[in-house]
Structure formats: structure tokens, C-alpha cells
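Asks: I would like to see how this sequence folds:
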Amino acid sequence: MTAAEVHLDPVIHAQARLRIVATLAELQEGDELHFPRLRELLGMTAGNLSVHLSRLEEAGYVRQSKSFSGRTPVTYISLTSDGRAAFERYVRDLRRLLGQD
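Replies: Predicted structure coming up:
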């Protein structure tokens with residue numbers, strides 16, 4: 001298999017987005033992470049994380065659920081079934097590229 005024959009999803013391939021998707025993929029399907037916890041796990045700024053989450057959400061890979069706890073806004077992040085499938089394809093394609101399939 002040559003590198004030209006492998007297509008790595010450019011939405012996931014960006015380092016920050018790959019880290020986000022890989023972290024969310026560790027959750028059980030349907031589980032969510034609180035935005036501050038995800039930010040803490042990844043060591044990212046809120047602004048940087050928000051930008052990358054927006055790109056993943058546009059692609060249909062993550063879902064952001066916004067609500068309130070009293071008057072405080074709360075955001076939960078989850079991987080969609082499309083996002084989970086895209087990550088599985090990404091990992092499979094990366095393994096093929098590295099000759100580990």
C-alpha cells in the first residue's frame with residue numbers, strides 16, 4: 001500500500017482534533033464529557049478547544065449539548081456515531097499506511 005492510496009480524514013488529522021476525537025472515543029457510546037474536564041485532559045485553552053470542537057461539530061463528528069446549572073452555562077461534549085465511525089476509519093487507514101494491517 002502506498003501513501004497515495006490511503007486517505008486520512010483531514011478533519012481528524014489535525015493534531016488537536018485527533019487528540020479530541022481519540023479522547024472522546026474512549027467514552028462509552030452516548031457518554032459525554034463536561035467542557036472544562038475535556039479542556040483539562042487535553043491541556044488546551046478554552047478558545048482553542050472551542051475552535052476545534054466547532055470544526056468537528058460542522059463535520060458531524062461531535063455534539064455539543066448546552067444547558068444551564070442555575071444561571072451558569074454548562075457544555076457537554078460527545079462523539080457522534082458518525083464521529084466514532086470516522087475515527088475507526090482513520091485508525092484503520094493509518095495502520096494500513098504504516099503497514100500494520
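Asks: Which other helices and strands does the longest helix seen in the chain contact?
Replies: Ranked by residue count, the top helix of the chain under DSSP state H comes out as helix 81-97. Packed against helix 81-97, as judged by 3 or more CB pairs under 8 Å, 6 or more residues apart in numbering; DSSP states H and E, are the following elements: helix 10-13, helix 15-25. Backbone N, C-alpha and C define where each C-beta goes, glycine included.
Asks: Please export the C-alpha coordinates of the shortest one as PDB.
Replies: Okay, so that is helix 10-13. Taking only C-alpha atoms (Å, rounded to 0.1, in the frame of the first residue of the first chain), the coordinates of helix 10-13 have been written out as PDB:
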ATOM      1  CA  PRO A  10      -8.300  15.900   7.200                       C
ATOM      2  CA  VAL A  11     -10.900  16.900   9.800                       C
ATOM      3  CA  ILE A  12      -9.500  14.400  12.200                       C
ATOM      4  CA  HIS A  13      -5.800  14.500  11.100                       C
END
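Asks: Just say which of the helices and strands packed on helix 81-97 is most tucked in.
Replies: For those, the largest average neighbour count (mean count of other CB atoms under 10 Å) is found in helix 15-25, namely a mean of 18.
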